[in-house]
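A.B. asks: Here is my input, please return the structure:
(3 chains)
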Amino acid sequence: MKKMMLLVMILITSMTLIACGGDEAGDKITIDFWHMSPVGSTSFSGMRSIINDFNESQDTYFVRGTGFSFWDYWDKINVAVASRTAPDIGLSTIDDVEARARSGVLYNISDLMASDTTDAPLEVDEFRQSQLDFATYQGDLYAMPFSATTRVLYYNLDMFAEEGLTEADVPETWDELKTIAKKFDVVEDGQLTRIGFDPTYGNATYHGWLWQNNLDFFDENKLPTLNTQAHIDVLEWIMNFNSEYTRTQLTTFGEGNQLLGINPFASQRVAMIVEVDGLYQIIKDAGATFNYGVAPIPIPEGGRRVNWGSGFSIEMYDNGKGEDEQRDGSFLFYKYLLSKDVQIRLAEVNGWIMSHISAMEEYVEGNPILEKLLAEVDYAVDKVYIPYAPSWHGNDWQPYYTEALSGTKTAAEALEAARLNYLQKKQNYDAVNP
Amino acid sequence: MTETVKKPWLNKRQKDLIKKILLHTVLIFLSFGFMFPFLWMLFTALKTPAELLMGTDQFFPKDPQWTNFVTAVQSIPFLMYLKNSLFITGMVMLGTLFSATTAAYAFAKLNWKGRDKWFIIMLSTMMIPIQVILIPTYIMYARIGWLGTRLPLIVPAFFGGGSAFYIFLLRQFFKGIPRELSESAIIDGANHFQIFWRIMLPLCKPAIITVALFTFMGTWNDYFGPLIFLSNPDHWTLALGLRAFQMQFGGRFDLMMAAAILIMLPSLVIFFFTQKSFIEGITFTGIKG
Amino acid sequence: MAKTISMQKLKRQENMMGYLFASPWLLGLIVLGLFPIIASFYISFTNYDMISSPNFVGFANYQILFTNDDLFWKSLGNTFYHVAIAIPLGIVVGVSLALLLNNKIKGMSIYRTLFYLPNVVSIVAMTLLWLWLFQPNFGIVNEILAPLYKLFNMEPLRWHQAVETSKITLIIMGLWSAGGSMVIYLAQMQDIPTSLYESAEIDGANWIKKTIYITLPLMTPSIFFNFIMGIIGGFQVFTIAYIMTSGGPSRSTYYYAYYMFDKMIADQAMGMASAMAWILLVIVLIFTMIALRLNKYVVYLGEEA
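C.D. replies: Coordinates of the predicted model:
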């Protein structure tokens, strides 16, 4: 009984204390914008002021920004799109814009650009064609690239110095990589405590290594290819890179890295690693103080300079309700977010590399690491969207990859099993997709 | 041959003492195992980022950063989220206790047409994974205009939504109460409401407290429901708000653990106090006697 | 004559009362629950990528799952294994803990709270910790067991890293949440009349006899409850594998619900995922109904005394 009373009292008190949220919008037309900087994140206040500045610069529209943490954002946006209650503007992944464009849930940006009579048009030339291509469907743009990621080789200069090496010794080919990496391995009491390099650490991927060799998972017809000797050779190169150590030693070392999610490079357990540009921000936030540099990922013989880079897209969602006023206002805010100065601010606030070319050139000036990162973005390529296996590089590949790496399957067996899985998926997909 | 009266090896008091010592030993040993994860969380929350980088080489924090907790609290509108959590959790507890006890009584003590069929259906509602129901549920709420409010999180509780577990639990407890009790009450002229309120509920107090406790914990810690159904950030709960703080780039595990501990503290405190009532609880005077 | 009439009237009254008491739940089910459930059933007969509208494909999803999907059977098998072992083990551990904690010694509140701790701690924290504890080479578990390994002259177990032991490892980790069922057992034990124990003592019963002949039988309603809930929950096992082993090694911990989740999120095939959900429902329903039949023979019901 007493508990009941207590509960009821708490309820009544909280109900009276909870004030109704005021409507700041007033007479303005409200535009909903979803992003990834929720209240409580470090980038929240920066995003809020960017949005505020737009709101204060004109009287017709009011942009209401809502942030969700990166992990939760996708649940939120997918449910919203599925139920046609998506926000006016939101972020998404650029590699599958085609799927959304095809289903008619996105506004046609090319059309909006064509009917734009203002003197501040969308500066399409400021964005890389490679990213724009991904946002194009049947000749029209249905999204714009918002941010760009890239992968590079990070190297620990302090460790290099210990071995008497300098920046000039940073490896540029696969062979050099192996030779240099071996100088840094440290074994104590039969356990590895430091490794020079491993092709599976960080954000290196099998398809990243394949692309350098002009190979891929799929051909132009989106059929799986994984069945050539060249594919096997690359996989074996990955598997055997550190083969002088036992499987046990390697897994122990690897798991020691994963604990607490510490990045092995940031904790100085590896000398070199392939990682995304975001590691720069992580190292900065963690307050790590060692000297490091970045360089293009070493290239195999006869291979090319390429890395896997992706990025967010920024899209305007059409919920089919004919909300033209919102659409026009959204497009204004859309252009604002893609304009040079705002792109610079967005980079500063979020620690991302944005897609606007000259904005980023200005942003990175004077910071050697950021300059190098930006340079690699030009060589970044995104993965192709495969309708029957949207997660072809993730769920559909990881289990086989892990089996190959742990020795349960040979490289050839793993590739064959993966290929058969893709084919079965394609079969099943075609059966229900006319 | 003379008969020797065998003196017991240990008298009762000594036996009891040994039993106590044994019990304590086992309990201490086991509880250390159960406590370990929490200790580790606590230590992580108190470390500096540099210590985090050192991983398992450094188990204890050298200089406990209690300020991490303060940072977690200050980085979000803590009070507003707290109010929201209290409101939603309180309402859900009320609703669940109401709808679960009544439904359980119906299933346990009353004979009505189709009862067993509905019982199976109730159990079946727990067999559908929530992920496949999520989008149709969301669309439904969008259609009836409840999006943007807290109604999707509160109203179902008053109608047994998500309470199948509790209905089943309470039904089992109600069934354990002898039929003679209700029968004699009926003979005395009581109606079912009185039986329900005066006899069933008081006798099942431990179970009801359990339901209240579980409901509290489930709702208090739930971030997924609020994430999906609360579009207005002013309505966000503590679990959701702290999660946003947790899931930052940069892997600040110390802050993440601090936030996690903050979220779980109320549940712990409430558990500690409610299970006391398990002990002091009810003195049953020989129903069967 | 008057007696017969009032019996009928009583029966009708009871019928009405039943519906009345059940009405909040019934209303909720029909008004709020029916649409999503029917919708998901319909979706299972469609191809739905969650962006465009679903398009009807009849039984194709079900057919594909049963005839052309290796992972369907693999994940189902893993799940059956898990259910078969985790549930009995969970009951034994839960009941044992409750028996242990039902004693009146000093500090019992603290012990109970400590045992309940794992249920309150975030899964992420628990996961990382378990990965560390069970690490074959530097984890505490193998260190503690080292003398045993020496004794039997065997290689240290590789726990979650080996195909043979991965599922068991996850089950053991799951046992740490036994505190949840323990609470329910404790609640049930409070309802056991002390007079029973007293008369048993007078008859000279020791604690073993008391447990076997009084405590356990009177606990059967809650044991049965946890058994059914174990079945229902066990078939939906997912999170622990998702976070700890990613379904490996070699898909040994790839459970049915995990595969369903992948179908929905990674493959964007909601129709197929819904079909999987409904297949699971049928399976669990069958097992549950079998278990309910056992109810009569196994559970002590106060009213049947």
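
A.B. asks: count of neighbours near residue B:108?
C.D. replies: Neighbour count for residue B:108, taken as other CB atoms under 10 Å in any protein chain shown: 23. Using the backbone N, CA and C atoms, a C-beta is placed for each residue, glycine as well.

A.B. asks: Does anything pack onto the helix or strand encompassing it? Which helices or strands?
C.D. replies: In the assignment (DSSP states H and E), residue B:108 maps to helix B:78-109. On a contact count with 3 or more CB pairs under 8 Å, 6 or more residues apart in numbering or on different chains; DSSP states H and E, helix B:78-109 meets helix A:2-17, helix B:115-124, helix B:151-158, helix B:164-175, helix B:205-221, helix B:238-246, helix C:2-28.

A.B. asks: go with 7 Å
C.D. replies: On a contact count with 3 or more CB pairs under 7 Å, 6 or more residues apart in numbering or on different chains; DSSP states H and E, helix B:78-109 meets helix A:2-17, helix B:151-158, helix B:164-175, helix B:205-221, helix B:238-246, helix C:2-28.

A.B. asks: got the angle for that helix vs helix C:2-28?
C.D. replies: Computed by axes from the mean of the first three to the mean of the last three CA atoms, to 10 degrees, the angle separating helix B:78-109 from helix C:2-28 equals 150 degrees.

A.B. asks: Report the rounded mean pLDDT for helix B:78-109.
C.D. replies: Helix B:78-109 comes out with an average pLDDT of 93.

A.B. asks: can you pull the contacts of residue A:241?
C.D. replies: With contact set as CB atoms under 7 Å, 6 or more residues apart in numbering or on different chains, residue A:241 has these partners: A:178, A:198, A:199.

A.B. asks: which element is the first one on?
C.D. replies: Using DSSP H and E, residue A:178 maps to helix A:174-182.

A.B. asks: Pull that helix out as CSV, backbone CA atoms only.
C.D. replies: Presented in CSV, the C-alpha positions along helix A:174-182 are these (Å, rounded to 0.1, in the frame of the first residue of the first chain):
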residue,chain,number,x,y,z
TRP,A,174,53.6,-5.1,-50.6
ASP,A,175,57.2,-6.5,-50.5
GLU,A,176,58.5,-3.4,-48.7
LEU,A,177,55.6,-3.6,-46.3
LYS,A,178,56.5,-7.1,-45.3
THR,A,179,60.2,-6.4,-44.9
ILE,A,180,59.7,-3.3,-42.8
ALA,A,181,56.9,-4.8,-40.7
LYS,A,182,59.1,-7.7,-39.5
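
A.B. asks: Other residues contacting that helix?
C.D. replies: For helix A:174-182, contacts defined as CB under 7 Å, 6+ apart pick out A:169, A:171, A:196, A:197, A:241, A:272, A:298, A:300.

A.B. asks: Stretch A:370-385 now?
C.D. replies: Here stretch A:370-385 makes contact (CB under 7 Å, 6+ apart) with A:94-96, A:98-99, A:130, A:134, A:148, A:150, A:152, A:207, A:211, A:218, A:277, A:280, A:294-296, A:305-310, A:353, A:360, A:364, A:393.

A.B. asks: and chain C, which of those residues reach it?
C.D. replies: Of the residues in those, proximity to chain C by CB under 7 Å from any CB of the partner chain holds for residue A:99.

A.B. asks: Of the contacts of stretch A:370-385, which belong to helices?
C.D. replies: Among those, the residues falling in helices (DSSP state H) are A:98, A:99, A:130, A:134, A:207, A:211, A:280, A:360, A:364.

A.B. asks: Of those residues, which pair is most distant in space?
C.D. replies: In the ones in helices among the contacts of stretch A:370-385, two members sit farther apart than any others by CB to CB. They are A:99 and A:364, at 32.6 Å.

A.B. asks: Give the burial count for residue B:117, as a bare number.
C.D. replies: Neighbourhood size, residue B:117 [other CB under 10 Å]: 9.

A.B. asks: Flag every buried residue along the helix holding residue B:108.
C.D. replies: For helix B:78-109, the buried set under the neighbour-count rule, 16 or more other CB atoms under 10 Å in any protein chain shown, comprises B:78, B:80-109.

A.B. asks: Using a markdown table, please lay out the contacts of helix A:174-182 together with secondary structure and pLDDT.
C.D. replies: As requested, the contacts of helix A:174-182 are exported to a markdown table (DSSP: H, G, I helix; E, B strand; the rest coil; pLDDT from 0 to 100):
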| residue | secondary structure | pLDDT |
| --- | --- | --- |
| A:169 | helix | 93 |
| A:171 | coil | 95 |
| A:196 | coil | 94 |
| A:197 | coil | 95 |
| A:241 | coil | 95 |
| A:272 | strand | 96 |
| A:298 | coil | 96 |
| A:300 | coil | 95 |
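
A.B. asks: Return the members of these classed as buried.
C.D. replies: Here, 16+ other CB under 10 Å leaves A:171, A:196, A:197, A:241, A:272, A:298, A:300 buried among those.

A.B. asks: Among these, which pair sits farthest apart?
C.D. replies: The most widely separated members of those, counting by CB to CB, are A:196 and A:300 (17.7 Å).

A.B. asks: In the stretch 101-250 of chain C, which residue sits closest to chain A?
C.D. replies: Closest contact between the stretch 101-250 of chain C and chain A, by CB to the nearest CB, is at residue C:137 (4.3 Å).

A.B. asks: Could you give the number of residues near the nearest residue to residue C:192 once chain neighbours are set aside?
C.D. replies: Spatial nearest neighbour of residue C:192, chain neighbours left out: residue C:218 (4.9 Å); criterion: CB to CB, 6 or more residues apart in numbering or on different chains. Number of residues near residue C:218 (other CB under 10 Å) recorded here: 18.
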